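Visitor: Show me how the following folds:
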Amino acid sequence: MALLLEIVTPDRRVFCEKVEHVVLPSSTGEIDILPGHIPLLSMLVPGELRYSQDGKTSSMAIDKGFIQVRGDKVSILAEAAIDVSKIDLSAVDDARKAAQDALEEARLKGEDPAIIEELETKARFTVIQSLVKRH
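Guide: Presented below is the predicted three-dimensional model:
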């Protein structure tokens, strides 16, 4: 038996494949979801998502969002997600510095709260990517 894992961000569908199980960072701690899991709706927190396919474990850096488990389908709506193998640490470090500088400047200028929130999301996700990749 398998689970269908679907990960969607505002930009695109990042992942949609059958997996053996998935471990998610939730607001109440890590959740390990196996086939036959009870229905679940929970908040997703930034961190590392791990899943197994054909006996191999893979990871993704994932930002905040929501988790829904219904039947053998795990749906994740997240602000951002990226496969760990695609993370370039030097690019992430540069992006983190740029995002933090832009955030600091926006706060000093008293920018619109929506702009500040968007910059905070970008800065946070660069930190998550760095932590997950180095893990």
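Visitor: Domain parsing of this protein, as residue ranges.
Guide: Domain ranges of the chain: 3-84, 89-134, per automatic domain parsing.
Visitor: Quick one: those domains as TSV, columns for mean neighbour count and mean pLDDT too.
Guide: For the C-beta atoms, the positions are set from N, CA and C on the backbone; glycine is no exception. Below are the domains of the chain laid out as TSV (neighbours: other Cβ atoms under 10 Å; pLDDT from 0 to 100):
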stretch	mean neighbour count	mean pLDDT
domain 3-84	16	94
domain 89-134	15	80
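Visitor: Please report the distance of I82 from Q129.
Guide: 6 Å (Cβ to Cβ, to the nearest Å).
Visitor: between these two, what contacts are shared?
Guide: By Cβ atoms under 8 Å, 6 or more residues apart in numbering, I82 and Q129 have these common neighbours: A61.
Visitor: what's the distance between the residue of the chain most remote from its centre and L103?
Guide: In the chain, the greatest distance from the average C-alpha position (Cα atoms, centre = their mean) is reached by K109, at 29.7 Å. Using Cβ to Cβ, we find K109 at a distance of 11 Å from L103.
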